[in-house]
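K.L.:
Give the three-dimensional model of this entry:
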Amino acid sequence: MCKLTILTPTYNRAAYLPRLYESLRAQTNRDFLWLVVDDGSEDETKELIASYGDGVIEIRYIDQKNAGKHTALNRGIHEIETELTFIVDSDDYLPENAVETILRYHEKYKATPNLCGYSFLRCHGDGRVNTAYFPTEELIGTYAGVRINGGIGGDKAEVFYTQLLKQYPFPAFPDEKFLPEDVVWMQISGPYEMVHINENVYFCDYLEGGLTNSGKRMKIHSPHGMTLRAKIYLSDPIVCKKVKLKMMLLYQIYGRFARIPAKRLKAEVGERALWYICKGPAFFFYLAWKLAF
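P.N.:
Predicted coordinates for the structure are as follows:
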């Protein structure tokens, strides 16, 4: 059995999947399986994936009713049997040595205790690193400690141990179709560390209509998930005060959109001083966003 599953959740991305597919066929190491979870696409995604049966790479396709990327990830992770899972979006693609690089570092670090996986760089198509490098070449630390407190923004390319992802499924709320992946990354952080590696294994070009570019409207329509995300940050003892200030604002703003009583919101987090500091500004942001979106 191969060691790595490349998990691709997709929704109406048939125009972009061929680029990803060709990048997978070009891999210098093909010790992987490509699992596509179709989140209810209305284009020709199903037929397109069916046409890729040339045997060059192993492909599995799962179709589900549209419920959001996070539910597609849950469905895929539940089915994965390989040691490692690499989430690759349907409108992105990989350099030809991506799998080779991932498995090389896994062989180097797999005996290290308390690891949940590896965090590599993402680059734009022109080779520019997405936002920032890590401060050292191979840095072992928690997601919260390295990425959040270190101020290293932008998306990276995370490869996780599958068994840990199975233990931390993405929460799902009725009628909400968006949930940031860091909801899970933050829950894994603390008990487990990652190896942060300054090598590119992922090319990303953010598209109009993609999740990254969909903005506040998408988040406002998933307020319970966004409130939970902020709560997870606020509950982490190592997250710095600057980040907690921002998260307290978001916690109260999205909590209002979710119609969660203020008394309950306040009771479910500590940081009483931050609560009162953010109470007034959060109310005005809520009103402004409600009018705008």
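K.L.:
how about low-confidence regions in the stretch 151-293 of the chain?
P.N.:
Along the stretch 151-293 of the chain, the model assigns pLDDT under 70 to residues 206-214.
K.L.:
Could you pick out the longest strand of this protein?
P.N.:
Counting by DSSP state E, the longest strand found in the chain is strand 193-203.
K.L.:
Would you mind listing the buried residues in the next helix-or-strand element following that strand?
P.N.:
On the C-terminal side of strand 193-203, the closest following helix or strand by DSSP states H and E is helix 215-220. Neighbour-count burial for helix 215-220, counted by 16 or more other CB atoms under 10 Å, picks out 218, 219, 220. Glycine gets a C-beta too; all of them are placed from N, C-alpha and C.
K.L.:
And the helices in the stretch 151-293 of the chain?
P.N.:
Assigned by DSSP state H, counting those that start in this stretch, the helices in the stretch 151-293 of the chain fall at 162-167, 182-188, 215-220, 223-235, 241-257, 262-267, 272-292.
K.L.:
Mind checking those helices for the one nearest to residue 139?
P.N.:
Residue 139 lies closest to helix 182-188 among the helices of the stretch 151-293 of the chain, at 15.8 Å (CB to CB).
K.L.:
Helix or strand next in line after the one helix or strand residue 76 maps to, which one?
P.N.:
Secondary structure assignment for residue 76, by DSSP H and E: helix 69-79. Where DSSP H and E defines the elements, the next helix or strand beyond helix 69-79 is strand 84-87.
K.L.:
In the stretch 1-150 of the chain, what residue spans correspond to strands?
P.N.:
Secondary structure of the stretch 1-150 of the chain by DSSP state E, counting those that start in this stretch: the strands cover 4-10, 32-39, 58-64, 84-87, 115-123, 138-141.
K.L.:
Give me the contacts around the fifth one.
P.N.:
Strand 115-123 has contacts (CB atoms under 8 Å, 6 or more residues apart in numbering) with 84, 101-102, 105-106, 109, 129-130, 133-134, 140, 143, 146-147, 154-161, 164, 188, 191-204.
K.L.:
quick one on the thing from earlier: take the strands of the stretch 1-150 of the chain and write them to TSV, including mean pLDDT.
P.N.:
Below are those laid out as TSV (pLDDT from 0 to 100):
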stretch	mean pLDDT
strand 4-10	98
strand 32-39	98
strand 58-64	97
strand 84-87	98
strand 115-123	98
strand 138-141	98
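K.L.:
ranking the ones you listed by burial, who's on top?
P.N.:
The highest mean neighbour count among these, using mean count of other CB atoms under 10 Å, belongs to strand 4-10: a mean of 25.
K.L.:
now that strand: how far from the chain's centre is it?
P.N.:
Averaging C-alpha positions (CA atoms, centre = their mean, to the nearest Å) puts strand 4-10 12 Å from its chain's average.
K.L.:
quick revisit: who wins for proximity to residue 76 among the helices of the stretch 151-293 of the chain?
P.N.:
helix 162-167 (9.5 Å).
K.L.:
Out of the strands of the stretch 1-150 of the chain, which is closest to residue 274?
P.N.:
Proximity to residue 274 (CB to CB) singles out strand 138-141 among the strands of the stretch 1-150 of the chain, at 24.9 Å.
K.L.:
So which elements touch that closest one?
P.N.:
Judged by 3 or more CB pairs under 8 Å, 6 or more residues apart in numbering; DSSP states H and E, strand 138-141 is in contact with strand 193-203.
K.L.:
Spatially central residue in this structure, please.
P.N.:
Residue closest to the average C-alpha location in the chain (CA atoms, centre = their mean): residue 181, at 3.3 Å.
K.L.:
Next, the contact list for that residue, please.
P.N.:
Counting by CB under 8 Å, 6+ apart, residue 181 makes contact with 70, 73, 87, 170.
K.L.:
Can you report how many residues lie near the first one?
P.N.:
In terms of burial, residue 70 registers 25 neighbours under the definition other CB atoms under 10 Å.
K.L.:
Would you quantify the distance from it to residue 118?
P.N.:
Per CB to CB, to the nearest Å, residue 70 is found 21 Å from residue 118.
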